[in-house]
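Novice: Provided below are the primary sequence and the corresponding predicted coordinates.
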Amino acid sequence: MNTNLLAVIINSTIRSTTPVLLAALGSAICSQVGVFNIALEGQILIGSFVGIVVNYYTGNVYVAVLCSVLAGAAISSLVSILQVKYRAADMVIGTSVNLLVSGLTSVLLYTILGVKGSFSNPALKPLPKIAIPVVKDIFFVGRVLEHLTFIDYLSYILAAAMFVYLYRTVQGFHVQSVGKNKEAAGSMGIKGLKIQMIAVLVSGALCGLGGAVLSMGQVTLFSENMSSGRGYIAMAAASMGQNQPILIIVSSLFFGFCQAIGVSLQNVIPSQLTLTIPYIATIIALSAFGNKKLKKK
Amino acid sequence: MFLELKNITKTFGPTIANDNVSFGLNKGEILAVIGENGAGKTTIMKILYGLNQADAGEIFMNGEKINIQSVQDAIAHGIGMVQQHFMLFNDYTVTENIVYGKEPAKSGFFDRKKARGIVQNLSSEYGLHIDPDLQVEECSVGMRQRIEILKVLYQDADIIIFDEPTAVLVPQEIDELLKTLKHLASLGKTIIIITHKLQEVMDVADRAVVMRKGQYVGERKICETDIKELSCLMVGKGIAARKIPKKTPGDKVLEVQDLYYESEGVPIIKGLSLHIQEGEIVGLAGVSGNGQTELIQCLTGLLHASKGKIELNGQDISQKGVREIRDTGCAHIPEDRYDFGCAVNADLEETALMGYEHQPVFSAHGIMNKRHSREFTMELLKKYSVKYSDIRDRAGALSGGNIQKLIVAREVEHQSKFLIAAEPTRGVDIGAQEFIHDQLVKKRNSGDGILLVSSELSEVLSLSDRVYVIYDGQIRGEFDRDQVDAEKAGYLMMGGHDEQV
Amino acid sequence: MNKFKSYIKQFAKIMIQPVVATLLGLLVGAVFILLSKENPIVIYRNMFEKSFFDPYYLTQTLTRATPIIICGIATAAAWRAGYINIGVEGQMITGAFAATIVAIYVPLPGFLLLPLSIVIGMIAGGLYASLVAVLNMKFNSSIVICTLMLNYVANYIASYLVSYPFKDHSGDGLSLMTKTIPKSTRFLQFSSSNTLNFGIILAVIVTILFYFMERKTVFGYESKMTGLNPGFARYGGVFERKVMLKTMALSGAIAAVAGICEIFGTKYRYTDNMFTSTSYAWTGLMAALIANLHPIGILAVSIFLSGLQVGGQAIQRSSSIPLQMSTVIQSSITLFVSAKLGMDFLKRRKLKKRQENGGVETS
């Protein structure tokens, strides 16, 4: 096997994985506290959009990323308040939020940026690609780590941090316990509702970050509905990874790989069919790893 | 007195759960709080543990009034409770469960090693054997209970309340527990045990406080009393039985032989046999939680028994599905009307129709005959005096008693040969109770068989032609109505052994 | 007279939520319009003129409403039984594509070919949806995620099929679409000056049939009870697995009809992305949520949403308001309705709790 091709595929996998990984971490934190949040798709999309808009008007990509994170958290507050606090039906709220973000971003795309369909502009600043001195010249490894942004690296750090927080600290222990047995947690004075609401906001922030790397990482543009179902794929990745951050890295890489394979097979198989690979993989993964913790419906 | 409860009153809507209850506790004693279902024992202990707030009354500790508004307050006063439904995290280890809420930490990081050490010390100090590294999921019920006890001891409780602690244990574990209780008392802890199992009370308690229907009935020193006296206090004097004409029962409608049911490896029904004939009401007396729910579910097809024969109208239904069993001639008034008996957002007609929808009267080729179902619903509502404002009301808009009447109406009007009536008058006002009882008797008089399962002993005794007493998944006694009274039944319900059997 | 009064009362009770939500949604839209430096009243008046009050635009609205209505019904069919199907788009694509291919390539006379195409299309859509039901029954995989994934799969596979094997090579060959269906299979068009066709009648028929199924069939009753309280349904002897399969199959079949109306009534061929770019399925979902799954409500709301879209499209030429404004308005309405649903839900839980505590406390 051509080592260069292998390196390219691994690199492509890593780049495709990041948004899914971040969103999957968001899904995991919600599931860990016992909240079923399906508004991830909208949380990612709003992040992608706000990032591009802020990028355009400030010319500063870091401020844009920060705003993406805040936007994700802001939209997730709808879920936090309506679904967690006021117990509205999770499917209905989540679906409505996704639809709202889809429509809102399309409208604002025109209202603010004056275009339809997609927006790209030389004035937009892409996320800088990190080139690690010395490493970048190492055969194979250099190729694998090409064109990665700080968010790509950050996502793995966040996964590790989440793992340490949840599984090693006292606070994380309490957070997890809310999802395991809210009643038992409450019986010892742990405020389950507050923790659930905050977890949703965290998932919003993580998805917003994922949206930022989606619209400003490998490409620098926003196109309508560019999240393309990643929010749902992330849910499947989280479920496959048993909501455990380190395992989620593995399952997210799997989906990233499916996407990368799809791209590389485009010369052999028509692109429309390769594009189905991640989605079919998700269905197969869900069936194979039918996690009883994931809601039946 | 170490602890005193004075004039505690607690109501839930129209129900008075605790009615001006007062009693005290001495340091280092084991006090048993005993009574039937609905006596109010758990309610008052939950008030002591801060899970409920009393409407009136006060609590004194060492003569000083104390205020318990939350579980944290109770714990702060050294009160701990081991509840009937364990509050454990199945995925966490024994150690993690025990130290939860007060974890030893090093700059925010959970010091699991230290916790393990603490737990092991605690375990040996109190003689409560546990494996600190096992996941709770893998622990036996007995060990889970010890975890709950250690939890409470870790929080430095001086008073420990146990709510029906032996309900889930096998005999060897029960012996272990009773030894543990005595040991804890000898170490200076004060124990309150809520139970209906009188043999255990005799074995382990120093004193017993008896409650009935929310009221304090009396107390006895264990050394000065016996099971017969206690059970008498618990169930009260006999109730005037209805004047039901004696009927000669006909063929067997239901036959259950040697029924066994296991849930997750734990035997719940342990070799149960009974039969019901046409034209009789057979009562099943027992404190809830002794296998009645599972028995009913096996009979109706919601669960499948592991072993044993069930015959309905001569047909073997032990592995059949719900619809088939219903069609064979079994109707069912469920013990929980909101979980199984109705859907709160369905309308009255939809509620009345459940179980009938595929019958020829109400549907042909899959199309429903709305006129018939509307007529049927109106008939039921009228006949059973169900109070409603609009026919299109949601079921949830009706009061508990009225929903129950509608459910009873639905199941009785099935005209099936066999009816299971589980807790048919739970949470229902006196007038409705009388009415429902009348309907059951009417059905019996028309030649059908009824299995009446109720934790209300008075209900069972006043309506039944024959009575079975269930305890711990087995039949402990079978009597004709003139052979049994509250005292006898109560005694068996609480685990007593019939010498004649 | 009393019966009539109570009907009105009931109807008003159901309608008040969506009406309030709609007004709030229009308010949100007004804010956006103000931000674009236009006058909301003028804009809205124009929008409603150009969607409902002008005969030509009214036909546009109704034509566009056709697939939306049917998608809304398809969604409601599944959701009311408690199965959250968000894959109506994929089911619509599958069914419509299958029907189109049959119509183009099977040599039969029109009066046989049309019904055959429709039936094949419905079977295809139904099977596509039942697949998810089977996966859920066997592997406990989430219906939400699987139906959504299958949206993308269906669209991409159709895209492939229309780019290669079934591509229409006549003309410039640049457009990705199939050949047109034979004239004999096309729906009756009412007038040559607009697009209104038999499809709208079919949509109304589907709505009425669904209403009938809901209220008057055993299946409708059992699936509704399963959605309201699965324990109650089980206790009464309902076969949950059978209900799930039938419900999902029905949902998929209805979705297929939506796509068939669009192709056989208006477009006469399958074009790449024709259903994803128009968002019929998602608009239908919104209509179902706003109307609280009530079929007549779905019919009305779908027409309203369609009008918003048509009106939005019309005024975008005469003002600076983008047509996606209608998307914002309709999503806001949906969110407001969901929020209200939440409040309702909370009230009902409080009521239930109060009733529970009125019952006997064990021990």
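Specialist: Perfect, thanks for sending it. Residues are numbered from 1 along each chain as shown, chains lettered A, B, ... in the order given.

Novice: Let me know the helix or strand that the residue in the stretch 1-150 of chain A that chain C sits nearest to is in.
Specialist: Nearest residue of the stretch 1-150 of chain A to chain C, counting by Cβ to the nearest Cβ: A:Ala88, 2.6 Å away. In short, each C-beta sits where N, CA and C put it, glycine included. Assigned by DSSP states H and E, A:Ala88 falls within no helix or strand.

Novice: cool, and C:Val42?
Specialist: helix C:40-48.

Novice: quick check, the helix or strand following that helix touching chain B?
Specialist: Sequence order places helix C:55-79 as the next helix or strand after helix C:40-48, per DSSP H and E. No: using Cβ under 8 Å from any Cβ of the partner chain, we find that helix C:55-79 stays clear of chain B, coming within 14.0 Å at best.

Novice: Show me which positions of helix C:55-79 end up buried.
Specialist: Neighbour counts over helix C:55-79 (16 or more other Cβ atoms under 10 Å in any protein chain shown) mark C:57-79 as buried.

Novice: mind showing which ranges of the stretch 201-350 of chain C have poor pLDDT?
Specialist: Applying pLDDT under 70 to the stretch 201-350 of chain C flags the ranges C:341-350.

Novice: can you map out the strands along it?
Specialist: With DSSP state E, counting those that start in this stretch as the definition, the stretch 201-350 of chain C shows no strands.

Novice: what about the helices in it?
Specialist: Under the criterion DSSP state H, counting those that start in this stretch, helices of the stretch 201-350 of chain C are mapped to C:218-228, C:230-235, C:240-262, C:280-290, C:295-315, C:325-358.

Novice: Poorly predicted segments of the stretch 101-250 of chain B, please.
Specialist: In the stretch 101-250 of chain B, residues with pLDDT under 70: B:237-244.

Novice: Closest residue of it to chain C?
Specialist: Nearest residue of the stretch 101-250 of chain B to chain C, counting by Cβ to the nearest Cβ: B:Ile194, 6.7 Å away.

Novice: got a list of what that residue touches?
Specialist: Residues in contact with B:Ile194 (Cβ atoms under 8 Å, 6 or more residues apart in numbering or on different chains) are B:32-34, B:41-42, B:45, B:161-164, C:363.

Novice: do C:Val132 as well
Specialist: Residues counted as contacts of C:Val132 (Cβ under 8 Å, 6+ apart) are C:85, C:87, C:141, C:143, C:146-147, C:150, C:248.

Novice: How about the secondary structure of it?
Specialist: Classification of C:Val132 using DSSP: H, G, I helix; E, B strand; the rest coil returns helix.

Novice: Which parts of chain B belong to which domain?
Specialist: Using the TED database, the domain ranges for chain B come out as B:3-235, B:251-494.

Novice: Could you tell me the end-to-end distance of the first one?
Specialist: Domain B:3-235 has an end-to-end distance of 27 Å (Cα to Cα, to the nearest Å).

Novice: gap between that domain and the chain center?
Specialist: Between the centre of domain B:3-235 and the centre of its chain there are 18 Å (Cα atoms, centre = their mean, to the nearest Å).

Novice: need the residues of chain A near chain B, please.
Specialist: Neighbours of chain B within chain A, by Cβ under 8 Å from any Cβ: A:168-173, A:177, A:180-181, A:183-184, A:187-190.

Novice: on that earlier part again, quick check: the residue of the stretch 101-250 of chain B closest to chain C is in a helix.
Specialist: No: according to three-state DSSP, the state of B:Ile194 is strand, so it is not within a helix.

Novice: Show me how far the helix holding C:Val42 is from its chain's centre.
Specialist: 26 Å.

Novice: what angle separates it from helix C:295-315?
Specialist: If you take axes from the mean of the first three to the mean of the last three Cα atoms, to 10 degrees, helix C:40-48 sits at 110 degrees to helix C:295-315.

Novice: How about helix C:40-48 and chain A, any contact?
Specialist: No: if you take Cβ under 8 Å from any Cβ as the test, helix C:40-48 misses chain A, and the best it gets is 13.3 Å.

Novice: where does the stretch 151-297 of chain A have low pLDDT?
Specialist: Along the stretch 151-297 of chain A, segments meeting pLDDT under 70 span A:290-297.

Novice: ditto for chain B
Specialist: Those would be B:237-244, B:498-501, if you go by pLDDT under 70 across chain B.

Novice: give me the element the residue nearest the centre of chain B is part of.
Specialist: Per Cα atoms, centre = their mean, the C-alpha nearest to the average position across chain B is that of B:Ser288, at 3.1 Å. Here B:Ser288 sits in a region with no helix or strand, counting by DSSP H and E.

Novice: Near chain A, which residues of the stretch 151-300 of chain C are found?
Specialist: C:151-153, C:156-157, C:159-160, C:163-164, C:282, C:285-286, C:289.

Novice: what's the most distant pair in those?
Specialist: C:Tyr164 and C:Leu289 (37.4 Å; Cβ to Cβ).

Novice: Can I get the strand or helix carrying B:Asn97 in CSV, CA atoms only?
Specialist: Assigned by DSSP H and E, B:Asn97 belongs to helix B:94-99. Provided in CSV are the C-alpha atoms of helix B:94-99 (Å, rounded to 0.1, in the frame of the first residue of the first chain):
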residue,chain,number,x,y,z
VAL,B,94,-19.4,-0.3,46.8
THR,B,95,-16.8,2.2,48.0
GLU,B,96,-18.0,4.9,45.7
ASN,B,97,-21.6,4.4,46.9
ILE,B,98,-20.7,4.5,50.5
VAL,B,99,-18.7,7.7,50.4
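
Novice: Alright, I will stop here.
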